[in-house]
Structures are given as C-alpha cells and as structure tokens.
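Trainee: All I have is the shape, not the residue letters:
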C-alpha cells in the first residue's frame, strides 16, 4: 500500500507517533488509508450538508475495512460570486483544488480517495486531481436542490432570480413579487435546480464512471444520497484492494460517452472546458472537434431548464442518468465504472419512468445535440454555444456590434436601455488571461432575457456563460482579446454573422481593414498585477484547450 511509506518499519516510529496523536488505534493503522476530500462550506448552498455526507462516507470506509481521514478543500458559490470581481476566482479555483488534493494525498501517502463535491468548478477540479494522482478514487456529488414554490408554480434559481431582475427593470413584475422570488427560488441545500454547470458535471461524472449509479441526479435532501455516500466509502476500499485506478476508468471511450450524454442532456457550455482539462490530466487526447463531431450525431433527449421547463428533480423521478443511458445504449461504449459494473450493464438494468423527460433516440427534442462548436473569422480556434437554449428564429443572426471591454459596461448599457434589437453585444477582455479568470456572464445574459431581448439580441464574449444562460450567446471565443484574437479588433457597428446550424461565426471586415486595425492594436493593461490571479494569468492556456495551467512556462 502507498500508506506503508508513512507507517511501516522502525524508521517510521516518529510518523506513527503523530498518526496515533490523531486517535487512530494500533489495530487500525494496518488498514488502507483513505483520504476524504470534503469541500464543505457554510456559504455555498450546494455544500452546506457535506458534514452529513462525510459521516456516511466515513462509515462506509470503516465498513469496507479502510481508515478515513477527512481533509478540507475550498469552494466558491458561482451565484454569489457572479457579476462582480469575485467571479474572476471561480475558474482559477479549479486549478487550486486539483493542486490541493494532489498535495495532501501525496504528502500523506493515501491509498485511495473519496472526493465529496457538488458545485461548479469543484467537481472538475477533483476529477483533475483523481486523473493526475491515478490512485483509486470515488466521487460523491451531493446533488441538486428541490425546486422553489411561489403562487402555485415551481421556481428555479436562474429564471426566478437573475432573470427576474431584468423583468423588474422592464416593469413586468413589482418589488413585492421580486422579494417573494428571492426568498422562495432556492428553498434549501443542493446545487441549483436546472441543468447548469454543477448538475451537468455531476451527471457526466457518473457517465465517466467515477461515481456510483444514480449519484448525478439523487437529490441533496434524499436518504438515497446518504446511501450512495456510504456505498462509495465501501467501494473505494475495494478499488484499493483491486488496484483499479481513475485512468483505468477515464479512458478515451468513457470521455466519448460523457460527450454523447452531454449532448443528449443539452448541458452547460462549461463542460467543454472541464472535460478538456480532465482529459489532459488523464493523458487522453480530446479536442473541440470531438465535441462538434459528436454533437452533430447525438440528438437532444432531455430538455431541462434553462432551455426547457423540466427540473433536475424531474430527471431523478424519470430514472436519472441510468435511464438516459438506457435510451442511448446503442451508441455508448461499454466502459468500466467505480461501481464494478460496466456502463452498459447499468443501462440495461435501468427503467425509464417518464418518456417525455427522457426521450427515446427516435423521438428527440432536436436531431442534434445541445452544444455546438463554432469556427470562423471571429473565432479561428473555436467558440461554444448552448444551441438547445437558442430559439430557432435566432439560430442564424446578423447584427451590428456594440463593443464593451468588460461585463459591467454591458450590464449598465442594458439597464439604461441602450441596447437595441438587432445588435450583437460584444464583451471582451474577459478571457482566461484577459479577465483574468474567464468570468461567467450570467448577469448580462439573464438581463437580456428578463428585458425581453433574448430573441432579438445576440451576445458574444471571450469569457464564459453560466449553465443557466439561454438565447444566442456565444462564449469561449478563441483566441481571446488579450491574446490578440480578432474579437479584440472589433469596433461598434461591425457586422457580425452567427450561423449555429452551419457552425460559423464571422465578422464582415475587409482583410485590408483587419490588417490596418491589427497594426494599431494594443492590449489593455493587465487588470490584476498581484496575488494568485496574476500568477494564473501568466500561466493559463487558451479556452480551446480547457483553460488549464500550462505545465511549463
């Protein structure tokens, strides 16, 4: 066992002395050491019940014959960080999480890991660590929250808080209703109720094979989630004994399965960044072209919020990810999972309880997948759109640019009603390097929807979008403005052409004019000059490669 390095032999007497100081007994010291990485936090709603999940994981590890050691990992609530400088830290936190788990696990020579996570960047950060360390690991995602309730209808976080602000500014709802919505939209613990980044990543973690069947959609308030935590603790010890490691599970085929399910779900655009970053750590070759090729072949089978009207709880009651796998079993590869069962074994034994929530391959919501990768003169290295959340009438869009160099300027213009139908809002210098941190643009996109402009205005950015974004919003434009990308050369009035069906995004500027502008172009001064974000900006790679830190620079 790896842990023998810190507990066996005469020369490890001082090490054992410190281990005994933790309360471990001489009889237990011979057991496999299991690190339990917990991202518990009192300020992240999706993480507030992790102390309870920790208990059930610990019980499972003990029942399986291991000895658990809980250690802490930082977490950020993207919703609370949204719309201000705090969002600059969200994506960079992913790298800190992976580095933190690597540091603690290697310093203490853990034999295996249980990774307790839930919200947006924490789950991919933990998967990156698992792939990098390649020691037996199981991921436990804590699960989605219940829908809210107000005036006889169900509520979800994005539509009934962020978008409600735009509706209030438009005069569509009054202050009393807005107050009710902010109290009732998020009724308790869990990740936000739609198919936003946290829930999409939880589902894809299950498809990758790194969490137990049913984990992706099991509600945070459910006893089922406790049982999954307990069984995960048992299972990780079995993985240690059989030496089954993450790279045995996260193979090229399992990543392809994850992309297929992502397309069928219509998941968050952030999953492209995360799957690319995780695949790098797993030493699996993956690119934007893989997403595009798969997206053209896999239909959209599940239509949750923000694009649809179903919630994560509906997916759970319909049979969860195992039921979706059943609907897709003819196109999936048979891959190993941490449960010991293969993906197709899980699919065959599942039951679909609601065939509108989880549609059959022959009865999709749309014939193509939920995400699309666009290329063109404005994004030579690619851009991402959640096509399942875009109305058919604006999947082809032609408009004149309104250019802003940061998110706050665009939001102010929206609130001041200075954005007109037919325009394309351009928000640049918000990429991985230029932001730095590649902020999510939920505030402007939700304002566009709330003010009734989602079918008459487009928005493009070298930053990111929340999984809750809907409408013709194209993110991850690469190269970013700070790296000299074409988006940095745009001026007010330039004609931008978005063609989602044909996967194109172009700007109508003569080559001579582009050359003239490029000769005059100077990047904006660096926004952050000290601390972690300054180091991140110096080391981060492009969005088209997952916006992960470069290994040598």
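Mentor: Here it is on my side, so go on. Quantities reported herein were computed from a predicted structural model and do not represent experimental measurements.
Trainee: Averaged pLDDT, stretch 90-110. What do you get?
Mentor: What stretch 90-110 shows for mean pLDDT is 98.
Trainee: Buried ones in that stretch, by neighbour count?
Mentor: By neighbour count on 16 or more other CB atoms under 10 Å, the buried set for stretch 90-110 is 90-98, 100-102, 104-105, 108-110. In this view, the C-beta of every residue, glycine as well, is placed from N, C-alpha and C.
Trainee: Restricted to helices, list those.
Mentor: Applying DSSP state H to the buried residues of stretch 90-110, the entries found in helices are 90-98, 100-102, 104-105.
Trainee: out of the residues you listed, who's nearest residue 418?
Mentor: Relative to residue 418, the closest of those is residue 90; by CB to CB it sits at 28.0 Å.
Trainee: Could you pull up the residues touching the closest residue to residue 196 other than its chain neighbours?
Mentor: In this structure, residue 196 finds its nearest non-sequential neighbour in residue 467, 3.2 Å apart by CB to CB, 6 or more residues apart in numbering. Contact analysis of residue 467 by CB atoms under 8 Å, 6 or more residues apart in numbering lists 120, 194-200, 267-270, 306, 386.
Trainee: Run through the stretch 401-550 of the chain and note the low-pLDDT ranges.
Mentor: Judged against pLDDT under 70, the stretch 401-550 of the chain has no low-scoring part.
Trainee: hmm, back to that, ok, the residue nearest to residue 196 to residue 274 distance?
Mentor: Going from residue 467 to residue 274 by CB to CB, to the nearest Å gives 11 Å.
Trainee: now do residue 321
Mentor: 17 Å.
Trainee: what does residue 218 give?
Mentor: Residue 218 is 21 Å from residue 274, by CB to CB.
Trainee: could you pull out the strands for the chain?
Mentor: 33-38, 67-72, 112-117, 137-141, 148-150, 153-155, 372-376, 379-385, 396-404, 423-427, 458-461, 473-475, 495-499, 504-507 (DSSP state E).
Trainee: Mind putting those into a markdown table with distance to residue 485?
Mentor: Converted to a markdown table, the strands of the chain look like this (distance: least, CB to CB, whole Å):
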| stretch | distance to residue 485 |
| --- | --- |
| strand 33-38 | 36 |
| strand 67-72 | 38 |
| strand 112-117 | 32 |
| strand 137-141 | 34 |
| strand 148-150 | 40 |
| strand 153-155 | 38 |
| strand 372-376 | 12 |
| strand 379-385 | 8 |
| strand 396-404 | 13 |
| strand 423-427 | 12 |
| strand 458-461 | 11 |
| strand 473-475 | 13 |
| strand 495-499 | 14 |
| strand 504-507 | 11 |
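Trainee: Could you identify which of the ones you listed is most buried?
Mentor: Counting by mean count of other CB atoms under 10 Å, strand 137-141 has the highest mean neighbour count of the strands of the chain, with a mean of 31.
Trainee: And that strand, what does it pack against?
Mentor: strand 112-117, helix 122-133, helix 197-208, helix 223-242 (3 or more CB pairs under 8 Å, 6 or more residues apart in numbering; DSSP states H and E).
Trainee: Quick one, which of these gets closest to residue 432.
Mentor: Once the helices and strands packed on strand 137-141 are compared by CB to CB, helix 122-133 is nearest, at 14.5 Å.
Trainee: my guess is residue 12 contacts residue 18, does it?
Mentor: No - Residue 12 is beyond contact range of residue 18, at 10.1 Å (criterion: CB atoms under 8 Å).
Trainee: higher neighbour count, those two?
Mentor: Taking neighbours as other CB atoms under 10 Å, residue 12 and residue 18 compare with residue 12 leading, 14 against 9.
Trainee: Give the closest residue to that one in space, chain neighbours not counted.
Mentor: Nearest non-adjacent residue to residue 12 (CB to CB, 6+ apart): residue 6, at 6.4 Å.
Trainee: go on, residue 62?
Mentor: residue 68 (6.8 Å).
Trainee: repeat for residue 160
Mentor: Per CB to CB, 6+ apart, closest to residue 160 is residue 185, 4.3 Å.
Trainee: Tell me if I'm right that that neighbour and residue 154 touch.
Mentor: No - using CB under 8 Å, residue 185 makes no contact with residue 154, being 10.1 Å away.
Trainee: tell me, what residue is most central in this protein?
Mentor: residue 197 (3.6 Å; CA atoms, centre = their mean).
Trainee: Just the terminal-to-terminal distance for stretch 369-378.
Mentor: Distance between the two ends of stretch 369-378: 23 Å, counting by CA to CA, to the nearest Å.
Trainee: try stretch 186-200
Mentor: From its first residue to its last, stretch 186-200 covers 18 Å (CA to CA).
Trainee: per-residue confidence averaged over it?
Mentor: The model assigns stretch 186-200 a mean pLDDT of 96.
Trainee: Distance from that stretch to the middle of the chain?
Mentor: 11 Å (CA atoms, centre = their mean, to the nearest Å).
Trainee: residues of it that come out buried?
Mentor: For stretch 186-200, by 16+ other CB under 10 Å, it's 186-187, 189-200.
Trainee: which of these lies closest to residue 249?
Mentor: Nearest to residue 249 among the buried residues of stretch 186-200, counting by CB to CB, is residue 200 at 19.2 Å.
Trainee: got a pLDDT number for the closest residue to that closest one other than its chain neighbours?
Mentor: Distances taken as CB to CB, 6+ apart place residue 267 nearest to residue 200, at 3.5 Å, with adjacent residues excluded. Confidence at residue 267, expressed as pLDDT, is 92.
Trainee: same question, residue 553
Mentor: For residue 553, pLDDT reads 47.
Trainee: looking at it, residue 353 is touching residue 318, isn't it?
Mentor: Yes - using CB under 8 Å, residue 353 makes contact with residue 318 at a distance of 5.2 Å.
Trainee: neighbour-wise, which of the two wins?
Mentor: Neighbour tally, residue 353 and residue 318, criterion other CB under 10 Å: the higher count belongs to residue 318, 20 against 13.
Trainee: Give me the neighbour count for residue 289.
Mentor: Counted with other CB under 10 Å, residue 289 comes out at 11.
Trainee: Now it: closest residue in space, sequence neighbours ignored.
Mentor: residue 373 is the one closest to residue 289 (CB to CB, 6+ apart), at 7.5 Å.
Trainee: same check, this time on residue 339
Mentor: In space, residue 339 is closest to residue 212, 5.2 Å off (CB to CB, 6+ apart).
Trainee: Likewise for residue 15?
Mentor: Ranked by CB to CB, 6+ apart and with sequence neighbours excluded, the top spatial neighbour of residue 15 is residue 6, at 4.8 Å.
Trainee: again, but for residue 31
Mentor: Using CB to CB, 6+ apart and skipping residues adjacent in sequence, the residue nearest residue 31 is residue 67, 4.4 Å away.
Trainee: Tell me who's in contact with that neighbour.
Mentor: 24, 28-29, 31-34, 61.
Trainee: can you pick the most crowded of those residues?
Mentor: That'd be residue 34 among the contacts of residue 67, by other CB under 10 Å, with 30 neighbours.
Trainee: how far away is the residue nearest to residue 31 from residue 387?
Mentor: 48 Å.
Trainee: quick revisit: could you double-check that the residue nearest to residue 200 lies in contact with residue 195?
Mentor: Yes - using CB under 8 Å, residue 267 is in contact with residue 195, at 5.8 Å.
Trainee: pLDDT score for the residue nearest to residue 31?
Mentor: 98.
Trainee: now it: how far from residue 16?
Mentor: Residue 67 sits 13 Å away from residue 16, going by CB to CB.
Trainee: Common neighbours of these two, please.
Mentor: Listed as contacting both residue 67 and residue 16 by CB under 8 Å, 6+ apart are residue 29.
Trainee: and stretch 537-548, how far from the chain's centre?
Mentor: With CA atoms, centre = their mean, you get 16 Å for stretch 537-548.
Trainee: Oops, could you answer that again for stretch 387-405 instead?
Mentor: Distance, centroid of stretch 387-405 to centroid of chain: 23 Å (CA atoms, centre = their mean).
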